[in-house]
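Student: one predicted model, sequence on top.
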Amino acid sequence: MTATNGVEGLEAVRAQRFDAVITDLNMPERGGLWLWEHALAVRPELRGRFVLISSEARPGEQSMGLFLESEHFVVKPFSLEGLLDQAEEIGRRAPDHTGVLPPMPGQVQPGFQDNHQGERDEG
């Protein structure tokens, strides 16, 4: 599945289950770190299953340090082989080594909606 911006990416995460999420740091209408933070609020089981792509080797955002503690980071230009290595690493970190998340609960209710400023409104 593809999304053209962070907002679409979050809607996809809300709608279905993913074994991994590959996202760009800089996207229109919210970037990759925003997507990561909000996606984990909806699906905490995705922790450790994000690959963030950036053209900057040291992005300056404050939440980047938190991201790097548990996630994967790839700097552009990158090879598809390198990206595949990151995806395989995600699979190796799974407790059962299948690389596949357990089945998703039927209906996910995140408990909040994001307004256009990226703030949380109780839903």
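Tutor: Nice, thanks for sending it over.
Student: drop to CA atoms for contacts and neighbour counts, all remaining ones
Tutor: OK.
Student: what about Met27, neighbour count?
Tutor: 17 (other Cα atoms under 10 Å).
Student: quick one: pLDDT of the residue nearest to it when sequence neighbours are not counted?
Tutor: Spatial nearest neighbour of Met27, excluding adjacent residues (Cα to Cα, 6 or more residues apart in numbering): Asn5 at 5.3 Å. Looking at Asn5, its pLDDT reads 93.
Student: OK, contacts around Asn5?
Tutor: Going by Cα atoms under 8 Å, 6 or more residues apart in numbering, Asn5 touches 27-31.
Student: so how far is Glu29 from it?
Tutor: Asn5 sits 6 Å away from Glu29 when distances are taken as Cα to Cα, to the nearest Å.
Student: repeat for Glu56
Tutor: Distance from Glu56 to Glu29, by Cα to Cα: 19 Å.
Student: Glu81 too?
Tutor: Taking Cα to Cα, one finds Glu81 at 29 Å from Glu29.
Student: now Glu89
Tutor: Taking Cα to Cα, one finds Glu89 at 29 Å from Glu29.
Student: picking that back up, quick check: phi and psi on the residue nearest to Met27?
Tutor: phi -160, psi 170 (degrees, to the nearest 10).
Student: with the one 5 residues further on instead?
Tutor: The phi and psi values for Leu10, taken as degrees, to the nearest 10, are phi -70, psi -40.
Student: contacting residues for it?
Tutor: By Cα under 8 Å, 6+ apart, the neighbours of Leu10 are 35, 38-39.
Student: can I get these in a markdown table with distance to Gly9, pLDDT and neighbour count?
Tutor: Shown next, in a markdown table, are the contacts of Leu10 (distance: Cα to Cα, whole Å; pLDDT from 0 to 100; neighbours: other Cα atoms under 10 Å):
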| residue | distance to Gly9 | pLDDT | neighbour count |
| --- | --- | --- | --- |
| Leu35 | 7 | 93 | 25 |
| His38 | 10 | 94 | 22 |
| Ala39 | 9 | 95 | 24 |
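Student: now for the spatially closest residue to Lys76 that is not a sequence neighbour: which residues touch it?
Tutor: Excluding the flanking residues, the one nearest Lys76 by Cα to Cα, 6+ apart is Ser55, at 4.7 Å. Residues in contact with Ser55, defined by Cα under 8 Å, 6+ apart, are 75-77.
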